[in-house]
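Visitor: Provided below are the primary sequence and the corresponding predicted coordinates.
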Amino acid sequence: MHQGGHIVTSRGHVLPWTADDALWLRRAVEREGEPREWVAQALVNRWALLKDQGGDHYPTLASFVRAYAQPVNPRWFPGGDLHLAQLAAHAPRGAAHRADMIARAERREREHSTRKIFHAQTEAAVDRALRGPLTLPAGVTEYAADTASARRRHGAPSHIKQGGNAFWSPHAGTLYGMAPGHPTMATGRALRTAGVHAGFGVVVLLSLLAVPFVVSGRASRKLGRRRL
């Protein structure tokens, strides 16, 4: 179903994706919560944005997905630095809580990152994210579990709640309408468009590329997200 293709960004960059990229995207989407379509599209959008901004830390979509999505991120596996930091931070909560966090880390490595069979909703979400048409409101490249602590940590005063996740643009002062595919900007910034080449004449709205974007060495900043 996902043998490969490519995305053409608004700056004309051709970003190929392979069957392996699609596999890791499915693995992430399967565990990241609803709505799966938006999760998949936000991941692809953010990778495209980083590439348009000149970032080369994530040469493939799979490398980015594994850095951003906690369920498939090796840093959250047993022995990973983020997992060990979590254990240290939660030490006062006792042995039972520690055992639960260790069990979750083991599932990330042994189950979520080796999965080969997926729900139909996940397959459809990934196919739409890679081939279009997109339903994600323009400018959205971030998501996290919809918790107050996560929103405070990630500085997302304007966000959209859908399912168990909150979605937002990293740029302050941006608000989007709730209707998928029909964003309404609360502040004025020109949106750029990008085509997804897969035999369809679709047009996708990507992030606010005119806004300077700082790329760190890590895609994942969601230390407070709760995923099994």
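Guide: Right, received. Where do you want to start?
Visitor: how close does S63 sit to W47?
Guide: S63 sits at a distance of 9 Å from W47 (criterion: C-beta to C-beta, to the nearest Å). To be clear about C-beta, it is placed using only N, CA and C from the backbone, and glycine gets the same treatment.
Visitor: which one of the two is surrounded by more residues?
Guide: W47 (28 against 15; other C-beta atoms under 10 Å).
Visitor: in CSV, list the C-alpha atoms belonging to the helix or strand that contains the more buried one.
Guide: For W47, the enclosing helix or strand under DSSP states H and E is helix 36-52. What follows is helix 36-52, C-alpha atoms only, in CSV (Å, rounded to 0.1, in the frame of the first residue of the first chain):
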residue,chain,number,x,y,z
ARG,A,36,-5.0,9.7,13.6
GLU,A,37,-5.3,11.7,10.3
TRP,A,38,-4.1,14.9,12.0
VAL,A,39,-1.3,13.2,13.9
ALA,A,40,0.0,11.7,10.6
GLN,A,41,-0.3,15.0,8.8
ALA,A,42,1.3,17.0,11.5
LEU,A,43,4.3,14.7,11.5
VAL,A,44,4.7,15.0,7.7
ASN,A,45,4.1,18.8,7.8
ARG,A,46,6.8,19.3,10.5
TRP,A,47,9.4,17.3,8.7
ALA,A,48,8.7,19.2,5.5
LEU,A,49,9.0,22.5,7.3
LEU,A,50,12.3,21.5,8.8
LYS,A,51,13.6,20.5,5.4
ASP,A,52,12.4,23.8,3.9
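Visitor: which is the next helix or strand following that helix?
Guide: Note on helix 36-52: by DSSP H and E, the next helix or strand toward the C-terminus is helix 61-68.
Visitor: that next one packs against which elements?
Guide: Secondary-structure packing of helix 61-68 (3 or more C-beta pairs under 8 Å, 6 or more residues apart in numbering; DSSP states H and E): strand 14-18, helix 19-31, helix 36-52.
Visitor: so which of the ones you listed comes closest to E111?
Guide: Each of those has some distance to E111 by C-beta to C-beta; the shortest is helix 19-31, at 9.0 Å.
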